[in-house]
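In: fold the following, please.
(chains A, B, C and D)
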Protein chains: 2
Amino acid sequence: MSEPLELPVVQPETAERTDAARNRERILCAARRLFDERGVSCVSMDDVAEAAGVGKGTLFRRFGSRASLAAAVLSERERDFQEALIRGEPPLGPGAPPAERLAAFGEAMLDILDAHSELMLAAETGPARYAHPAYAVHRLHVTLLLREADPVCDAELLADTLLAGLSAGLYIYLREVREMPLDRLKEGWRETVERTLGDGRGVSVSA
Amino acid sequence: MSEPLELPVVQPETAERTDAARNRERILCAARRLFDERGVSCVSMDDVAEAAGVGKGTLFRRFGSRASLAAAVLSERERDFQEALIRGEPPLGPGAPPAERLAAFGEAMLDILDAHSELMLAAETGPARYAHPAYAVHRLHVTLLLREADPVCDAELLADTLLAGLSAGLYIYLREVREMPLDRLKEGWRETVERTLGDGRGVSVSA
DNA sequence: CACATAACTGGACCGTAGTCCGTTTAGTAG
DNA sequence: CTACTAAACGGACTACGGTCCAGTTATGTG
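Out: As a prediction, this is how the structure comes out:
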């Protein structure tokens, strides 16, 4: 409690030049539009550069990779989500017991995946997922909840393991290949959380 | 018990022409050697084709993609592993209680990852992991163990979730970026299995 | 305003995975 | 042995992600 966590928000040390800022906006805008129109996988980086009216070099200077561009397009959602985790209403935000917060976290992630799976898949290509600051935030959040609920567990490791179950690749496979409905995935997540944090099965909950 | 499972072994419906078989061997041999010499990520498909003395078209005709070639190179290990799962000694093979078999399964997978992480990463690029027959075998194995240990759980979903924690991408991240030793990952897996299958905490095991 | 300089720009360029298709060859039937 | 055909072959080709660098421009300073 108190100072919840220092978020690893990326603060540019040097202010951006005005033309650079303008191009960043153009690129993000064009990317959002194209991804929306054609589907993420049918949009190449050249397409984005051309639609934004900038050179390819500029595009890659701003957003080092395709995965990173996808992540940038997602960043607003992610900002809202992080806000809800840290300062929002329970059970997602502070106030609820850790097991409930963890359950709510997963369900919220699944909703985001449901809405943006293609984009999130593009954002976690290769090692990109673990390198992204958003992942670090999620990991820290889950780690703290686990540690709070059960101080003796290996929370650091368990957090990464649990988050693996919320990857976009797995989500798309479960939904599209295995044809599981969203509700089943949410129920499964709740089950996993209960089992992981000990839902009191057997252990008297009368306290 | 009795007929354990029908394994989805890929049986070519038409016999391979002798030149085709020869080229397959050449390719596998060259790939194994190059991967070993330079590291998987420093070997291109052109390199493999040239070293094998075949054209690129032939290479892709035999092994539809890079991921698939990597999987083929791994196939012997995988065959031995599957053999051990189905007919080997307990606790990996039949005979031990499901929770112990599941723990042993994960530890064995972690050993394989330890030995072949680069190759396995290459084999699970993109959606390849879930499409590969080996994944189907692992999934079925874990599903059956879960169902046996706890008939009321959603074993199908839980199996995929647990296997997500054994992906090559996560493994490499945990080992190389987070610098966790192999033993810690094994211990974490055991912990996860215990929590998932109820290690008897509270619930009387006297039955 | 003139200058210096650091940041930005665009597009030519590179290596790679994967495709296409005209040519060659293994296997078979007569 | 010859002829035929389906399969296999190989390398030119494409599309894409990502890099490089010579030229341009925004911005602070005298």
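
In: in chain A, which spans are helices?
Out: With helices called from DSSP state H, chain A shows them at A:18-38, A:45-52, A:56-62, A:66-87, A:98-123, A:128-131, A:133-149, A:155-164, A:168-172, A:182-197.

In: up against chain B, what does chain A have?
Out: Proximity of chain A to chain B, by CB under 8 Å from any CB of the partner chain, involves residues A:126-127, A:129-130, A:153-154, A:156-158, A:160-161, A:164-165, A:167, A:169-170, A:172-174, A:177-178, A:180, A:184-185, A:187-188, A:191-192, A:195-196, A:198, A:200-204. Using the backbone N, CA and C atoms, a C-beta is placed for each residue, glycine as well.

In: quick one: name the residues of chain A near DNA strand D.
Out: By CB under 7 Å from any atom of the strand, the part of chain A that sits against DNA strand D consists of A:17-19, A:44-46, A:56-57, A:60-61, A:64-67.

In: how about the residues you listed, which pair is most distant?
Out: Greatest spatial distance among the residues of chain A next to DNA strand D (CB to CB): A:18 and A:44, at 28.1 Å.

In: out of the two, which sits in the busier spot?
Out: residue A:44 (11 against 8; other CB atoms under 10 Å in any protein chain shown).

In: follow-up on the earlier one: return a PyMOL selection command for the buried portion of the residues of chain A next to chain B.
Out: Buried residues within the residues of chain A next to chain B, by 16 or more other CB atoms under 10 Å in any protein chain shown, are selected in PyMOL with:
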select buried, chain A and resi 129+130+153+154+156+157+158+160+161+164+165+167+169+170+172+173+174+180+184+185+188+191+192+195+196+198
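
In: right, and the helices of chain A - which one's nearest residue B:73?
Out: Of the helices of chain A, the one closest to residue B:73 (CB to CB) turns out to be helix A:168-172, at 22.1 Å.

In: pLDDT (mean, whole number) over that closest one?
Out: When pLDDT is averaged over helix A:168-172, the result is 97.

In: for it, packing partners?
Out: Applying 3 or more CB pairs under 8 Å, 6 or more residues apart in numbering or on different chains; DSSP states H and E, we find helix A:168-172 packed against helix A:98-123, helix B:128-131, helix B:155-164.

In: on that earlier part again, could I get the residues of chain A next to DNA strand D in TSV, plus columns for pLDDT?
Out: Below are those laid out as TSV (pLDDT from 0 to 100):
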residue	pLDDT
A:17	84
A:18	84
A:19	80
A:44	98
A:45	98
A:46	97
A:56	96
A:57	95
A:60	97
A:61	95
A:64	95
A:65	96
A:66	97
A:67	97
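
In: buried ones among these?
Out: Buried members of those, counted by 16+ other CB under 10 Å: A:66-67.

In: need the residues of chain A next to DNA strand D in a markdown table with distance to residue B:80, can you?
Out: Formatted as a markdown table, the residues of chain A next to DNA strand D follow (distance: CB to CB, whole Å):
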| residue | distance to residue B:80 |
| --- | --- |
| A:17 | 59 |
| A:18 | 62 |
| A:19 | 60 |
| A:44 | 42 |
| A:45 | 42 |
| A:46 | 45 |
| A:56 | 47 |
| A:57 | 49 |
| A:60 | 44 |
| A:61 | 49 |
| A:64 | 41 |
| A:65 | 38 |
| A:66 | 38 |
| A:67 | 35 |
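
In: same list (the residues of chain A next to DNA strand D) but as a markdown table, adding distance to DNA strand C.
Out: A markdown table is the format used below for the residues of chain A next to DNA strand D (distance: CB to the nearest atom of the strand, whole Å):
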| residue | distance to DNA strand C |
| --- | --- |
| A:17 | 4 |
| A:18 | 9 |
| A:19 | 4 |
| A:44 | 11 |
| A:45 | 10 |
| A:46 | 8 |
| A:56 | 4 |
| A:57 | 2 |
| A:60 | 7 |
| A:61 | 5 |
| A:64 | 13 |
| A:65 | 13 |
| A:66 | 12 |
| A:67 | 16 |
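
In: pretty sure residue A:174 sits against residue A:181.
Out: No - when contacts are counted by CB atoms under 8 Å, residue A:174 is not listed as touching residue A:181 (9.7 Å).

In: returning to that earlier point: least confident of the helices and strands packed on helix A:168-172, on average?
Out: Of all those, helix B:128-131 carries the lowest average pLDDT, namely a mean of 93.

In: so, in contact with chain A or not, that one?
Out: Yes - legend: contact between helix B:128-131 and chain A by CB under 8 Å from any CB is shown at B:129-130.

In: chain center to that helix, what's the gap?
Out: Relative to its parent chain, helix B:128-131 has a centroid offset of 11 Å by CA atoms, centre = their mean, to the nearest Å.

In: does it reach DNA strand C?
Out: No - Helix B:128-131 stays out of contact with DNA strand C when judged by CB under 7 Å from any atom of the strand, the minimum separation being 8.4 Å.

In: would you mind listing what in chain A touches DNA strand C?
Out: Counting by CB under 7 Å from any atom of the strand, chain A comes close to DNA strand C at A:14, A:16-17, A:19-20, A:22-23, A:53-58, A:60-62.
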